[in-house]
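1. mind folding the following:
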Amino acid sequence: MSHFWNDSFALYKREMLIFKSHFKTNIIRSLIFPLTLILILGNMGNTTGARTNIAIVNYAQNPQANQFIAELTASHSLNVMAQTNEYQAMKLLKNGNVTVVVIILPSFPYTNPGVYIYYSNNFVELGTSLQSIESIAQSFGVRSELSYQAPSVVLNPTYATSASYKTFLIAGIIIMVAVFGALFGGGLSIITDKQLGNLKSFLIAPIDRRSIVMSKVFYSITLALINGTIAILIGFLDGAGIAMGAIGLVWIYALIIIVVIGFSSLTLTIASRIDKPEVYTIFANTLILPLWFISGAFFPTSALPSWLKPVSVIDPLTYATNGIRYVTMNGYYPLNLQILDFGILLAFGAVMLVLALNSLKRTIS
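-> Numbers count the residues shown, from 1 in each chain. Predicted structure coming up:
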């Protein structure tokens, strides 16, 4: 067994020497993708031309509350979809029919708080709507014995947090660049070795064939960590953040490593049966890109069509993205979700790794 690991690390060093020889090209490639997505898509949540759908629950039932509702209805950025009870309003929010629920408390506008606002994590739709609702609510001052007082507004990010869309987006980008690391470091490098004749040399050498697979997995992990770090740094520079702070980086890197083990092994299994890089790239992208889109990388999975939601549940990238999003946005990572996310990703990685080890041993000659 020691020979297996020694051979794996020796071949891994070779991969890193190749990476070093093309260092500038590799770093530029790692920069372009996250930079483009963060700078272009990351600003989508700041402004929006569409109106935000809201539901209103009116417990006050007084003239001030009715006037408040009238001003919300008249706002050019808001679309009042329903005035209903709290249960139905929260159901609309959960199902994605509305983005914001405004609950006017019985005390409005005489005591604080006067309004509760619940909202989803669809930052593209939110735009500046929250600020508009707060501004309208706080304009309702009433005379008291001492002074004018405006009702305060309590924001409740029911299904995410009050972080920016850039912070929401960064989780999906980190996972994507990690998977691209698996794509290039795993299967594509095997095909390159085939074309150059290097793989035949490895196969006739007195080494364990499985070490070829492990070296590619280690190399994929290294690429993914480099790409992920670059994505995080770009996100920081553009205003994103990690709510859990430095300890959050540990969770992010752990999730990157686990998801890359699975997907690098998957790409190695695919590449073991393919000789042309263009065929491999088409096949791998056709498989991986849809998984990325339905994982909630750009928008919450709750916004997916009903027929796609079951697919997102079995998509390993969904659990990696959700895990990183809890770290970056919520500032905590619940134990039950840790067990779920890591359990599914570890199981996926273990199955894919076994398939890759056996596939390369059987099919490459």
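
2. walking through the protein, point out its strands one by one.
-> 52-58, 78-83, 100-104, 115-119, 142-143, 148-149, 153-157 (DSSP state E).

3. among these, which is the most enclosed?
-> strand 100-104 (a mean of 25; mean count of other CB atoms under 10 Å). Bear in mind the C-beta positions are built from the backbone N, C-alpha and C, glycine included.

4. what angle separates that one from strand 115-119?
-> When axes from the mean of the first three to the mean of the last three CA atoms, to 10 degrees is applied, the directions of strand 100-104 and strand 115-119 differ by 160 degrees.

5. how far does strand 100-104 sit from its chain's centre?
-> 27 Å (CA atoms, centre = their mean, to the nearest Å).

6. quick one: strands adjacent to that strand?
-> Applying DSSP bridges to the sheet, strand 100-104 is found paired with strand 52-58 (parallel), strand 115-119 (antiparallel).

7. pLDDT on it, on average?
-> Strand 100-104 carries an average pLDDT of 86.

8. what's next to it, contact-wise?
-> If you take CB atoms under 8 Å, 6 or more residues apart in numbering as the criterion, strand 100-104 is touched by 52-60, 65, 68-69, 72, 86, 89-90, 92-93, 114-120, 126, 129-130, 133.

9. what mean pLDDT does stretch 291-306 have?
-> Mean predicted confidence for stretch 291-306 is 78.

10. can I get the strands paired with strand 100-104 in TSV with mean pLDDT?
-> Listed next are those as TSV, based on pLDDT from 0 to 100:
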stretch	mean pLDDT
strand 52-58	88
strand 115-119	81
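
11. dump those into CSV; add distance to residue 12 as well.
-> Shown next, in CSV, are those (distance: least, CB to CB, whole Å):
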stretch, distance to residue 12
strand 52-58, 50
strand 115-119, 47
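
12. which non-adjacent residue is nearest the most centrally placed residue in the chain?
-> Centroid check for the chain by CA atoms, centre = their mean gives residue 172 as the closest residue, at 2.8 Å. Closest residue to residue 172 apart from its sequence neighbours, by CB to CB, 6 or more residues apart in numbering: residue 297 at 2.7 Å.

13. tell me the contacts of that neighbour?
-> Residue 297 sits in contact with 169, 171, 172, 173, 175, 176, 317, 321, where contact means CB under 8 Å, 6+ apart.

14. quick one: the helices in the stretch 251-365 of the chain, in order.
-> 277-293, 309-313, 316-325, 335-363 (DSSP state H, counting those that start in this stretch).

15. among these, which is nearest residue 107?
-> helix 316-325 (34.8 Å; CB to CB).

16. let me know the closest of the contacts of residue 297 to residue 263.
-> residue 317 (8.4 Å).

17. before we move on, back to that, any idea how far residue 311 is from the residue nearest to residue 172?
-> 14 Å (CB to CB, to the nearest Å).

18. wouldn't residue 270 be in contact with residue 183 here?
-> No - contact criterion CB atoms under 8 Å: residue 270 and residue 183 do not qualify, at 9.9 Å.

19. any common contacting residues for those two?
-> Contacts common to residue 270 and residue 183, judged by CB under 8 Å, 6+ apart, are residue 284.

20. more neighbours: which of the two?
-> residue 183 (26 against 21; other CB atoms under 10 Å).

21. is it true that the more buried one touches residue 283?
-> No - the criterion here is CB under 8 Å, and residue 183 misses it with residue 283 at 10.8 Å.

22. nearest to residue 231, of the strands of the chain?
-> Closest among the strands of the chain, using CB to CB: strand 153-157, at 23.5 Å.

23. tell me who's in contact with residue 213.
-> Residue 213 neighbours (CB under 8 Å, 6+ apart): 265, 268, 353, 356, 357, 360.

24. which strand residues bridge the residue lying closest to residue 69 once chain neighbours are set aside?
-> Excluding its sequence neighbours, the residue lying closest to residue 69 (CB to CB, 6+ apart) is residue 56, at 5.9 Å. Beta-bridge partners for residue 56, by DSSP bridges, are residue 83, residue 102.
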